[in-house]
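Colleague: Okay, predicted coordinates and the sequence, questions at the end:
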Amino acid sequence: MDKLIITGNGPVNGEVWASGAKNSALPILAATLLSEGPVTISNLPHLQDITTSLELLGRMGVEPVMGDNMTVQLDGSKVEHCHAPYDLVKKMRASILVLGPLLAHFGSAEVSLPGGCAIGSRPVDLHIRGLEAMGAEITVENGYIRAKAPTGRLKGARIVFDVVTVTGTENLLMAATLAEGRTVLENAAREPEVVDLAQCLIAMGAKISGHGSDTIIIEGVEKLHGCEYSVMPDRIETGTFLVAAAASRGKVRVTRTRADTLDAVLAKLEEAGATITTGDDWIELDMHGKRPKAVNIRTAPYPAFPTDMQAQFVAMNAVAEGTSTVIETIFENRFMHVQELNRMGAHIALEGNTAVVTGTERLSGAPVMATDLRASASLVIAAIVADGETMVDRIYHIDRGYECIEEKLSGLGVLIRRTTG
Ligand SMILES: CC(=O)N[C@H]1[C@@H](OP(=O)(O)OP(=O)(O)OC[C@H]2O[C@@H](n3ccc(=O)[nH]c3=O)[C@H](O)[C@@H]2O)O[C@H](CO)[C@@H](O)[C@@H]1O
Ligand SMILES: C=C(OP(=O)(O)O)C(=O)O
């Protein structure tokens with residue numbers, strides 16, 4: 001099993017580019033199942049989750065045609081089986097995103113239930129209920145969701161989400177594009193990745209308005225066509241590099257990114273003492289060599305502070321000046337990094353969904369275990385600021401979401417290498 005070995009050696013300094021967003025690329029790849037012609041997607045990140053997605057589409061009969069620089073062409077009219085098997089779905093929860101498109105385009109779908117994961121139970125009841133409201137007949141048995149549109153076509157409906165769900169919004173948004181009539185999604189997710197998906201669907205001929213607000217209106221069309229679309233930059237990867245620089249008293253410029261998708265994160269970094277400068281497609285953070293100040297965090301749906309940045313901020317707070325509280329409101333078990341950070345000398349107490357972090361000037365390197373994607377990122381940040389060597393085990397988690405992590409961090413002066421076995 002691959003491991004990362006990191007030796008703390010001072011501030012993170014330099015320039016790094018942001019890759020395409022994983023959480024935008026995954027629904028956009030699923031959206032190609034809706035098309036009647038080739039969809040060409042560029043700026044895909046080179047990540048394990050993307051490989052898993054392409055394998056899943058390939059198993060359905062949609063063979064990806066790879067171009068240069070992580071560009072891929074996929075054609076939804078080539079689907080032969082509307083089946084997403086457990087062996088692939090278990091590798092990546094976002095596989096559930098094929099349910100809406102398959103049902104809308106082909107009138108039936110069989111998708112393995114994704115099951116729980118380290119950060120929480122993550123049910124998909126709202127995806128299922130929404131599709132039922134659009135006329136689908138759904139049974140869940142033997143670990144599979146079996147869905148049918150009895151008349152062959154879904155019907156538009158008004159759907160009010162009980163809780164804000166990102167992939168739930170995306171699944172129903174995709175399903176509604178080919179449904180008969182109008183669908184209104186209320187209490188919809190406003191995440192930039194939902195907007196990116198909507199823009200790709202519009203480029204495919206869908207009629208969508210209100211994306212980016214909590215009410216999305218979709219007028220169903222008969223067919224969607226091929227298009228060319230470039231995936232937005234990854235705001236969570238961008239944020240992770242910024243936090244690595246803030247925690248290590250460094251200076252970093254992230255290019256090929258979008259500051260407008262990171263308002264809540266940039267505000268917290270400024271509160272921690274960073275000077276932030278932004279341009280059209282770059283963000284620069286400078287700590288002027290100073291130790292960060294502790295910042296309180298409360299995760300919530302966009303545009304509030306993202307749960308996917310919580311673990312990284314816990315690592316920064318662990319070495320910051322002062323005591324902070326970090327409240328996780330989205331997932332019930334997203335503090336698995338705390339125990340590992342404490343093994344490196346952090347002082348973090350957990351009380352329910354709140355971590356109380358008492359900053360300490362130094363952490364010490366230790367063997368630690370990654371438990372999920374962003375927990376891995378927080379351990380890498382802690383390792384960068386710790387004295388001595390840290391070995392991060394189970395980094396297959398980090399490979400799900402961070403492209404070329406060693407190359408990118410090495411370019412910023414971090415002493416990092418991968419070992420296998
Ligand atoms: C591939 C992708 O985009 N993943 C992101 C997506 O995950 P994902 O879309 O799975 O997360 P959701 O937004 O759906 O989850 C939000 C909350 O809603 C609950 N819920 C969700 C669906 C449902 O049917 N029933 C239900 O109760 C979940 O348990 C959770 O407590 O949004 C999360 C929240 O920003 C991010 O952390 C993930 O990185
Ligand atoms: C939780 C995440 O991803 P996923 O929903 O794919 O598990 C994440 O990107 O932090």
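Modeller: All right, it came through fine. Given the structure is predicted, the values throughout are model-derived calculations rather than measurements. Ligands and ions are numbered 1, 2, ... in the order given.

Colleague: quick one, domains of this protein?
Modeller: 3-18+233-419, 22-230 (the TED database).

Colleague: closest to ligand 1 out of these?
Modeller: Ligand 1 lies closest to domain 22-230 among the domains of the chain, at 3.2 Å (Cβ to the nearest ligand atom). Just so you know, the C-beta spots here come from the backbone N, C-alpha and C atoms, and that holds for glycine as well.

Colleague: Spatially central, which residue of this protein would that be?
Modeller: Closest to where the C-alpha atoms of the chain average out (Cα atoms, centre = their mean) is Asn23, at 3.9 Å.

Colleague: Can you name the residues that contact that one?
Modeller: Each residue near Asn23 by Cβ atoms under 8 Å, 6 or more residues apart in numbering is listed here: 94, 166, 191, 193, 234, 236, 308.

Colleague: Could you look up the SS state of it?
Modeller: Following DSSP: H, G, I helix; E, B strand; the rest coil, we place Asn23 in the helix state.

Colleague: Just the pLDDT for it.
Modeller: pLDDT for Asn23: 98.

Colleague: restrict the contacts of Asn23 to those near ligand 2?
Modeller: 94, 308 (Cβ under 6 Å from any ligand atom).

Colleague: Flag whichever of the contacts of Asn23 scores worst on pLDDT.
Modeller: By pLDDT, Ala94 ranks lowest within those, coming in at 95.

Colleague: how many other residues sit next to that residue?
Modeller: Here the number of neighbours of Ala94 (other Cβ atoms under 10 Å) works out to 24.

Colleague: confidence score at the closest residue to it other than its chain neighbours?
Modeller: Distance criterion Cβ to Cβ, 6 or more residues apart in numbering; nearest residue to Ala94, sequence neighbours excluded, is Leu26 at 4.3 Å. We have a pLDDT of 98 for Leu26.

Colleague: right, and Leu26 touches Ile96 too?
Modeller: No: Leu26 is beyond contact range of Ile96, at 10.1 Å (criterion: Cβ atoms under 8 Å).

Colleague: Neighbour count for the two, which is higher?
Modeller: Neighbour comparison, Leu26 and Ile96: the larger count goes to Leu26, with 27 against 24 (by other Cβ under 10 Å).

Colleague: Show the residue spans covered by the helices in this protein.
Modeller: Ranges of helices in the chain, per DSSP state H, are 22-31, 48-59, 86-89, 99-106, 125-133, 166-177, 192-203, 235-247, 263-271, 310-318, 336-343, 373-385, 396-399, 405-411.

Colleague: Alongside ligand 1, which residues does the stretch 1-150 of the chain contribute?
Modeller: Going by Cβ under 6 Å from any ligand atom, the residues of the stretch 1-150 of the chain near ligand 1 are 23, 26, 94, 120, 122-127.

Colleague: One more: the stretch 251-400 of the chain?
Modeller: 307-308, 330-331.

Colleague: Pick out the most distant pair among those.
Modeller: Spatial extent of these (Cβ to Cβ) is set by the pair Asp308 and Phe331 at 9.9 Å.

Colleague: Comparing those two, which residue is more hemmed in?
Modeller: Counting neighbours by other Cβ under 10 Å for Asp308 and for Phe331 shows that Asp308 has the greater number, 25 against 19.

Colleague: In contact with the nearest residue to the more buried one once chain neighbours are set aside, which residues are there?
Modeller: Among residues not flanking Asp308 along the chain, Ile236 sits closest, at 4.6 Å (Cβ to Cβ, 6+ apart). Ile236 makes contacts with 21-23, 306, 308-309, 374, 401, as judged by Cβ under 8 Å, 6+ apart.

Colleague: let's go with 7 Å and repeat that
Modeller: Taking Cβ atoms under 7 Å, 6 or more residues apart in numbering, we find Ile236 in contact with 306, 308-309.

Colleague: And for Val414?
Modeller: 6, 12, 384.

Colleague: Report the separation between the residue lying closest to His81 once chain neighbours are set aside and Tyr229.
Modeller: Once flanking residues are discounted, His81 sits nearest to Met60: 5.5 Å by Cβ to Cβ, 6+ apart. For Met60, the distance to Tyr229 equals 20 Å [Cβ to Cβ, to the nearest Å].

Colleague: was I right about Ala349 contacting Val356?
Modeller: Yes: Ala349 is in contact with Val356 according to Cβ atoms under 7 Å; the separation is 4.7 Å.

Colleague: Can you pick out the residue with more neighbours from the two?
Modeller: Val356 (14 against 11).

Colleague: which residues touch Gly212?
Modeller: Contact analysis of Gly212 by Cβ under 7 Å, 6+ apart lists 190, 195.

Colleague: ok, for Ile6, nearest residue in space, not its chain neighbours?
Modeller: In space, Ile6 is closest to Ala383, 3.8 Å off (Cβ to Cβ, 6+ apart).

Colleague: scratch that, Ala272 is what I was asking about
Modeller: In space, Ala272 is closest to Pro292, 4.2 Å off (Cβ to Cβ, 6+ apart).

Colleague: Can you report how many residues neighbour the one you found?
Modeller: Pro292: 26 surrounding residues under other Cβ under 10 Å.

Colleague: for it, what are its contacts?
Modeller: 246-247, 272-273, 316, 320.

Colleague: Out of those, who's the most crowded?
Modeller: With neighbours set by other Cβ under 10 Å, the maximum within the contacts of Pro292 is found at Ala246, which has 34 neighbours.

Colleague: For it, give its distance to ligand 2.
Modeller: To ligand 2, Ala246 is 19 Å away according to Cβ to the nearest ligand atom, to the nearest Å.

Colleague: just checking, that residue touches Glu271?
Modeller: No: assessed by Cβ under 7 Å, Ala246 is found out of contact with Glu271, at 10.5 Å.

Colleague: shouldn't Ser112 be in contact with Asp87?
Modeller: No: assessed by Cβ under 7 Å, Ser112 is found out of contact with Asp87, at 8.4 Å.

Colleague: one step back: how near is the residue nearest to the centre of the chain to Val12?
Modeller: Taken as Cβ to Cβ, the span from Asn23 to Val12 is 24 Å.
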